[in-house]
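J.: could you work out the structure for the sequence below:
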Amino acid sequence: MSRPIKEKPTSGSAGVSPASGIARELRTRRRDAGAPQVLRPARPGATVLVAGIGNIFFGDDAFGIEVIRCLSRHQFPSQVRVADFGISSYALAYALTDGYETAVLVDAVPRGGKPGTLYLLELDPNELGQLPATMVNPHSMNPVQVLQLAQSLGHIPRRLYLLGCEPGGLGSEEGHMGLSEQVRAAVPGAVEKILSLVTELLDDDLPESCSRAQAR
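T.: Reported below is the predicted structural model:
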């Protein structure tokens, strides 16, 4: 699902440089919002991985984790796995080599925009090697670093997306729990973008059961 959509002229983010050509803005078609649903456990044969990234002790860095928490109230087809990887770089790197066709990483992504701004970027796996190689830190997570590590371990998904949110603050060295008001307000929109993207990736609408509210 590669599309020649122009990149917005914003500053660099989380290891993704707009000038490198690795990231392209992707617009997904809007999907009518449904009621909360329940996520089924991943099954063998999953082709799409939606991975949350972040550290709950550093303010808006917990954006990806909060999005995954909200997605856990939704029911997806068995081809989709939704998981919170936190700051476990190696766990995510190995998961990316498990044979998925598509991976969607969800993270706080500083790109110089207004706090709470959402970015849906399509990454080119063939250009990951052109970015500077850096050591993976087991106590933090950088999406591009993890993708580079996964690529060195084996086959990675042929379609890669990064859904990012401009953070308002990542906390001090002492840490800070809780999302800023702007980033928290962006979470529902991020969930909606992922639902729309998953629908497009599977080239079919989510099952009718996904529109029914179920108790958690």
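
J.: and the helices in the chain?
T.: Taking DSSP state H as the test, the helices found in the chain are 63-71, 89-95, 143-153, 181-201.

J.: for residue 150, the count of nearby residues, please.
T.: Using other Cβ atoms under 10 Å, residue 150 has 25 other residues around it. Every residue, glycine included, has its C-beta placed from N, CA and C.

J.: contacts only, for it.
T.: For residue 150, the contact set (Cβ atoms under 8 Å, 6 or more residues apart in numbering) comprises 92, 93, 94, 96, 97, 156.

J.: for residue 189, state which of the residues you listed is nearest.
T.: residue 92 (23.6 Å; Cβ to Cβ).

J.: how about that closest one, nearest residue that isn't a chain neighbour?
T.: Using Cβ to Cβ, 6 or more residues apart in numbering and skipping residues adjacent in sequence, the residue nearest residue 92 is residue 85, 4.3 Å away.

J.: before we move on, what about residue 162?
T.: residue 121 (4.5 Å).

J.: hey, what's the one you found bridged with?
T.: residue 25, residue 162 (DSSP bridges).

J.: likewise residue 49?
T.: Beta bridges link residue 49 to residue 81, residue 103, judged by DSSP bridges.

J.: does it touch residue 81 like I think?
T.: Yes - shown here, residue 49 and residue 81 form a contact pair, counting by Cβ atoms under 8 Å, at 5.2 Å.

J.: between those two, which contacts overlap?
T.: Counting by Cβ under 8 Å, 6+ apart, the common neighbours of residue 49 and residue 81 are residue 100.

J.: which of those two has more residues huddled nearby?
T.: Taking other Cβ under 10 Å, residue 49 and residue 81 do not tie; residue 49 has more neighbours (23 against 20).

J.: residues contacting that one?
T.: Residue 49 neighbours (Cβ under 8 Å, 6+ apart): 81, 83, 95, 96, 98, 100, 102, 103, 104, 157.

J.: ok, of the residues you listed, which one's closest to residue 148?
T.: residue 96 (10.6 Å).

J.: separation between the closest one and residue 74?
T.: 22 Å (Cβ to Cβ, to the nearest Å).

J.: tell me the buried residues in stretch 65-75?
T.: Using 16 or more other Cβ atoms under 10 Å as the test for burial, stretch 65-75 gives 65, 66, 67, 68, 71, 72, 73, 74, 75.

J.: could I get those as JSON lines with distance to residue 130?
T.: What follows is the buried residues of stretch 65-75, written out as JSON lines (distance: Cβ to Cβ, whole Å):
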{"residue": "65", "distance to residue 130": "30"}
{"residue": "66", "distance to residue 130": "32"}
{"residue": "67", "distance to residue 130": "29"}
{"residue": "68", "distance to residue 130": "30"}
{"residue": "71", "distance to residue 130": "32"}
{"residue": "72", "distance to residue 130": "35"}
{"residue": "73", "distance to residue 130": "39"}
{"residue": "74", "distance to residue 130": "36"}
{"residue": "75", "distance to residue 130": "39"}
